[in-house]
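K.L.:
3D model of this:
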Amino acid sequence: MKIKLDISNERYDEIKSALEERGIEIDDTADLVLSETNSFIDNLTVREKGTNARIILSVEDIVCIESFGHAVEVQTQEALYQATDRLYRIVSLLDPTKFLRISNSVVIARNKVKRITPTLSSKFILTMTNGKSVDVTRSYYYIFKEYFGI
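P.N.:
Numbers count the residues shown, from 1 in each chain. The predicted structure follows:
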């Protein structure tokens, strides 16, 4: 049996070794996920675009996460990675005081917004610190305004 662990760094090694002693394999691609309640992740497992190598990425480095159908891309200042989870699952693991969903397909890091440009059609265009532009859709317009106190 394979299980993916979404738990805090403090307990990861302890739980991993306890499960492995019982013959359970820990794998980041497993369908079964063991997670802690009321805890947010510090790291996210992603894959490099070119080499497909697995990387443990600190959530502090994330600028935005964008979904294109079944593909989910995680952007940092320097690079673009492929997520191993679906967008809704990643959103549930991230701290809502640090990350905000601004459309059905985009999640941003609050502290990585460089510029907010309002439009006439009840939308905002955000410029992120890595230069990427993303739109706050009308469905998320009021949530965004409240979150940023605009």
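
K.L.:
hmm, residue 19 is touching residue 2, no?
P.N.:
No. Using C-beta atoms under 8 Å, residue 19 is not in contact with residue 2; the gap is 10.4 Å. Glycine gets a C-beta too; all of them are placed from N, C-alpha and C.

K.L.:
which one of those two has more residues nearby?
P.N.:
Under the criterion of other C-beta atoms under 10 Å, the comparison of residue 19 against residue 2 puts residue 19 first, with 16 against 12.

K.L.:
got the contact list for the helix or strand hosting that one?
P.N.:
Of the helices and strands defined by DSSP states H and E, residue 19 is found in helix 9-21. With contact meaning C-beta atoms under 8 Å, 6 or more residues apart in numbering, helix 9-21 is reached by 3, 5, 7, 26, 34, 36, 42, 43.

K.L.:
do the same with stretch 94-111
P.N.:
Contacts for stretch 94-111 (C-beta under 8 Å, 6+ apart): 40-41, 59, 62-68, 87, 90-91, 124, 126, 128, 134-137, 139-140, 143-144, 147-148.

K.L.:
buried ones in that stretch?
P.N.:
By neighbour count on 16 or more other C-beta atoms under 10 Å, the buried set for stretch 94-111 is 94, 99, 100, 101, 102, 103, 105, 106, 107, 108, 109.

K.L.:
equivalent analysis for stretch 110-120, please.
P.N.:
112, 113.

K.L.:
average pLDDT for it?
P.N.:
Averaged across stretch 110-120, the pLDDT comes to 91.

K.L.:
I'd like the numbering to begin with 880 instead of 1 from here.
P.N.:
Noted, 880 is the first residue going forward, which turns the last one into stretch 989-999.

K.L.:
can I get that stretch in PDB? Just the C-alpha atoms.
P.N.:
C-alpha atoms of stretch 989-999 as PDB (Å, rounded to 0.1, in the frame of the first residue of the first chain):
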ATOM      1  CA  ARG A 989      -0.600  37.700  -0.800                       C
ATOM      2  CA  ASN A 990       2.900  39.100  -0.200                       C
ATOM      3  CA  LYS A 991       3.900  38.600  -3.800                       C
ATOM      4  CA  VAL A 992       1.500  41.200  -5.300                       C
ATOM      5  CA  LYS A 993       3.500  44.000  -6.800                       C
ATOM      6  CA  ARG A 994       0.700  46.100  -8.400                       C
ATOM      7  CA  ILE A 995      -3.100  46.100  -8.400                       C
ATOM      8  CA  THR A 996      -4.800  47.700 -11.500                       C
ATOM      9  CA  PRO A 997      -8.600  48.100 -11.400                       C
ATOM     10  CA  THR A 998     -10.600  47.800 -14.600                       C
ATOM     11  CA  LEU A 999     -14.000  49.100 -15.600                       C
END
